[in-house]
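1. Here is my input, please return the structure:
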Amino acid sequence: MQLAVASQGSALEAVHSVSERSSSSSAAGRRIVAAPPPDDCCSTTGRWIVSQVKDTIEAATFATTCVGRWIPGLLRRVTSTDALALGIDSVKFAAVQLPSVIFDRALDLSCAMLHASPRAFITDPKAAAAQATQRSLDVLGGGFVKIAQIIAHSPALFPRSLVKACEQSLCRATTLPTSHAEIECMVKKEFDVSSLREIFETFESDPIAAASIAQVHRARLRTGEDCVVKVVRPKVKERLLADFQALLLLARLADLVLGDEVVRLFVNRPLESCIGELHRAVMAECDLSVERQNMETFGNWVYNSPSLRRMGLESSVVIPKTYEHASGERILTMDYVRGPTLAELSDHIEIDPNRWQSALVKALTVAAVSIIDDAALFHADLHSGNMIMVMGPSNTYDKVAFIDFGCCGQLPSALRTCLLMQGSAFADNQPNVRQFTDGFAHALDRLPGLGQVLDPEGLATELRPLLLEIQRKNPFQPGADPMDPELHMLGFQLQCILCRHGVQLPAEFTLLMKTACFGALYFSLLDAAHREQLLKSLFCSGAAHALCNPREAVTSLSSRTLLSLAKILWARKKGDMVPSAKVVACATSASLPLVILAMQYLQ
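-> Sure, this is the predicted structure:
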């Protein structure tokens, strides 16, 4: 899905063409608010100043009102039965589980620090600290490796040295592997056999990969198929349970302190519920029978989706075949897919991008379509270590294999339609911003508890100047600084605008937002030609989905948008993927990852 959100992000920034701006002002003098018009007309400048003062006053009034409601509620909440229950649960956790958790974590961190070089902290303290942080997250295991993987895909949120160090957690995690004796014991117990030879002809003792929850071994079935065997690590469930119990207690504390009035400005349910949703998704990764079912469901959708068939993408993604007789709750056996992961391949800058970037574009398009297609699951952990590049006959990587389907999601119908409306609103030279905001209204009207009645036209009016600023601060344009504090402030401003209009992030987006981090990195990996190819492919896939789902398209999209989508399909049939290069140029020049970054503030 990362690219489904991404497609609407890039298009969203293409609301206006890039305006001419003066480059002579210093960085220190830049304002976070939209810059005044470039003309010298005093009346125009005066209206701009009045508008900015009005916006500032409205924001201050809004914040004052929230604080005024929050203080009395805080006194009431800290003396409630919920506060008492939280205190009792915290004491129980501290008495029963906290000592063992602290001991285990301290032991893990001690092991990690033994590999740290004191000289490195003197010669290059930033790089040494980044390496130590990454190694500590890997050694802690469980959800901490997931944190390292998210950092690796978030170059606009974290220092470059830390991002680079955490890339090792994608496919070369330093998590200590489980011994072969323990793995053999687990396999024999799972299948009630006396020897591995009853199932496998060969079974390599050293793992080819060791990640947060499981490790993978090469093997060969007795029937002759080369395969890999994924085995859940011992005590992983217990560790994850302890981690999430601590997080749930912190979420309950945040709910208690912030109160419903503040929390519901950002999400449509308590933070405890959002953490609980993430907890269920991560714990499901420990049940490999669920992963096997996810793989089969996703594979069947890829090979049978009308939208993908119309785009010719039904064979662009490979889903490894699983073997039911050699799989169970803690063990999953699947075909061995030969090839480097995307993380490994992208490290080799000497490899011609034309050998692999086209395959990546197709795979990301498939991932995007899986978000809005009601028959599909979306892969919620599609980082670059979970994508294997498959070599084709012409010495180029022409397919991508998706692996690790332990964490998948599916959006409700109202949210899928919302994304379709918002993405397709920018399929024309003159973007339909009103349809974009109508997408929010569509979801708010059909999902309970998402907020107040929305004024789509008022929201569109407020978004336009901010989107111009987001476009101007594109962190992936030449010479831009992804760590510019203005980027974070612009994201916060976007959050405030949506909050003022009652737009809340559904809890169903919890998994989706993690994959949005991955999408930012994928877009930055592509060269200019393949970025354009990706945007073309996303436009066309949206048009193909609308054509294959005419009832949904007619009831949710404007006639102008339907006409634009028809033009896109007609242009593709003639050989051009989009009817106008202006659409693609505008979207390409915009910052697709930055709107994703802004949306991350809504979690």
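
2. which residues of this protein fall in strands?
-> 200-203, 209-210, 214-221, 226-232, 317-318, 331-335, 378-379, 387-391, 397-402, 408-409 (DSSP state E).

3. for the ones you listed, which one ends up most surrounded?
-> strand 378-379 (a mean of 27; mean count of other Cβ atoms under 10 Å). In short, each C-beta sits where N, CA and C put it, glycine included.

4. So for that strand, mean pLDDT?
-> Strand 378-379 comes out with an average pLDDT of 88.

5. so what does that strand touch, helix or strand wise?
-> helix 357-372, strand 408-409, helix 510-525 (3 or more Cβ pairs under 8 Å, 6 or more residues apart in numbering; DSSP states H and E).

6. Relative to residue 296, which of these is closest?
-> With Cβ to Cβ as the measure, strand 408-409 is the member of the helices and strands packed on strand 378-379 nearest residue 296 (11.6 Å).

7. quick check: mean pLDDT across that closest one?
-> Averaging pLDDT along strand 408-409 gives 84.

8. picking up where we left off before, right, and the helices and strands packed on strand 378-379 - which one's nearest residue 275?
-> Across those, closest to residue 275 is helix 510-525 (Cβ to Cβ), at 8.7 Å.

9. residue ranges for the helices of the stretch 151-300 of the chain, please.
-> Along the stretch 151-300 of the chain, the segments classed as helices by DSSP state H, counting those that start in this stretch run 160-166, 168-171, 180-191, 236-263, 271-284, 288-304.

10. Give me the residues contacting the third one.
-> It refers to helix 180-191. The contact list for helix 180-191, computed with Cβ atoms under 8 Å, 6 or more residues apart in numbering, reads 193-196, 198-199, 203, 205-206, 215, 217, 229, 231-232, 234, 326, 328-331.

11. how about that helix: buried residues?
-> 183, 186, 187, 190 (16 or more other Cβ atoms under 10 Å).

12. which one is the last one nearest to, not counting chain neighbours?
-> In this case it means residue 190. Leaving aside its sequence neighbours, residue 190 sits nearest to residue 328 (Cβ to Cβ, 6 or more residues apart in numbering; 4.7 Å).

13. Next, count neighbours for that neighbour.
-> Using other Cβ atoms under 10 Å, the number of residues around residue 328 comes to 19.

14. Would you check how far apart it and residue 410 are?
-> Going from residue 328 to residue 410 by Cβ to Cβ, to the nearest Å gives 24 Å.

15. ok, now residue 160?
-> For residue 160, the distance to residue 410 - Cβ to Cβ - is 35 Å.

16. Then residue 533?
-> Applying Cβ to Cβ to residue 533 and residue 410 gives a distance of 28 Å.

17. which ones are touching the residue nearest to residue 190?
-> 190, 191, 288, 289.

18. Name the surrounding residues that touch stretch 333-345.
-> Stretch 333-345 is contacted from outside by 167, 170-171, 218-219, 221, 225-230, 295, 318, 320-323, 326-327, 351, 356, 360, 383-391, 397, 400-401, 403, using Cβ under 8 Å, 6+ apart.

19. ok, now with 7 Å
-> With Cβ atoms under 7 Å, 6 or more residues apart in numbering as the test, stretch 333-345 has contacts from 167, 170-171, 218, 225-229, 318, 320-323, 326-327, 351, 356, 360, 384-385, 387-391, 401.

20. Quick one: end-to-end distance for that stretch.
-> Its first and final residues considered, stretch 333-345 spans 25 Å by Cα to Cα, to the nearest Å.

21. same check, this time on stretch 328-344
-> 30 Å.

22. Let's have the buried residues of helix 180-191 in TSV, adding pLDDT and distance to residue 364.
-> Formatted as TSV, the buried residues of helix 180-191 follow (pLDDT from 0 to 100; distance: Cβ to Cβ, whole Å):
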residue	pLDDT	distance to residue 364
183	90	34
186	89	36
187	90	36
190	89	35
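
23. Let me see the residues that make contact with stretch 400-413.
-> By Cβ under 7 Å, 6+ apart, the list of residues contacting stretch 400-413 reads 281-282, 284-285, 291, 294-295, 298, 317-320, 337, 359-360, 363, 371, 374, 377-382, 386-390, 447, 508, 511-512.

24. Buried subset of those residues as a ChimeraX selection?
-> Buried members of those, defined by 16+ other Cβ under 10 Å, are picked up in ChimeraX with:
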select :281,282,285,291,294,295,298,317,318,319,320,337,359,360,363,371,377,378,379,380,381,382,386,387,388,389,390,447,508,511,512
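
25. so what's the nearest residue to residue 493 once chain neighbours are set aside up against?
-> What sits nearest to residue 493 in space, not counting adjacent residues and going by Cβ to Cβ, 6+ apart, is residue 466, at 5.8 Å. By Cβ under 7 Å, 6+ apart, residue 466 lies in contact with 34, 490, 493, 494, 497.

26. Over to residue 346?
-> Contacts here follow Cβ under 7 Å, 6+ apart; on that basis residue 346 touches 384, 525.

27. which non-adjacent residue is nearest residue 244?
-> Distance criterion Cβ to Cβ, 6+ apart; nearest residue to residue 244, sequence neighbours excluded, is residue 279 at 4.4 Å.

28. Quick check: that neighbour touching residue 243?
-> No - between residue 279 and residue 243 there is no contact under Cβ atoms under 7 Å: 9.1 Å.

29. Now do the end-to-end distance for stretch 380-391.
-> For stretch 380-391, the end-to-end distance is 25 Å (Cα to Cα).

30. what distance separates it from the middle of the whole chain?
-> Once both centres are worked out by Cα atoms, centre = their mean, to the nearest Å, stretch 380-391 turns out to sit 14 Å from its chain's centre.

31. which residues does residue 326 contact?
-> Residue 326 neighbours (Cβ under 7 Å, 6+ apart): 199, 221, 333.

32. For the first one, give me the pLDDT.
-> Reading off the per-residue confidence, residue 199 sits at a pLDDT of 92.

33. for the second one, same thing?
-> The predicted structure scores residue 221 at 95 on the pLDDT scale.

34. Then the last one?
-> What the model reports for residue 333 is a pLDDT of 96.

35. List the beta-bridge partners for it.
-> residue 229 (DSSP bridges).

36. measure residue 191 to residue 232 for me?
-> 14 Å.

37. now swap in residue 400 and tell me
-> 25 Å.

38. pLDDT below threshold where in the stretch 301-450 of the chain?
-> Where the stretch 301-450 of the chain drops to pLDDT under 70, the residues are 349-350, 426-431, 448-450.

39. try the stretch 101-250 of the chain
-> Looking at the stretch 101-250 of the chain by pLDDT under 70, you get 101, 104-105, 107-117, 120-121, 141-143, 153-157, 170-176, 212.

40. Which residue ranges of the stretch 501-603 of the chain form helices?
-> Under DSSP H, counting those that start in this stretch, the stretch 501-603 of the chain gives helices at 510-525, 528-548, 550-556, 559-574, 581-589, 592-600.

41. How about residue 86, nearest residue that isn't a chain neighbour?
-> The spatially closest residue to residue 86, leaving aside those adjacent along the chain, is residue 252, at 5.1 Å (Cβ to Cβ, 6+ apart).

42. Check residue 356 too.
-> Nearest to residue 356 is residue 397, by Cβ to Cβ, 6+ apart, at 4.2 Å.

43. same check, this time on residue 283
-> In space, residue 283 is closest to residue 240, 6.2 Å off (Cβ to Cβ, 6+ apart).

44. Can you verify my assumption that that neighbour contacts residue 281?
-> No - taking contacts as Cβ under 7 Å, residue 240 lies outside contact range of residue 281: 11.3 Å.

45. measure residue 281 to residue 298 for me?
-> 16 Å.

46. How about residue 445?
-> 30 Å.

47. and what of residue 93?
-> On the measure of Cβ to Cβ, residue 93 and residue 298 end up 37 Å apart.

48. How about residue 410?
-> 11 Å.

49. Quick check: neighbours shared by these two?
-> Common neighbours of residue 410 and residue 298, using Cβ under 7 Å, 6+ apart, are residue 377.

50. returning to that earlier point: next up, phi/psi of the residue nearest to residue 190, please.
-> Note on residue 328: backbone dihedrals following degrees, to the nearest 10 are phi -160, psi -160.
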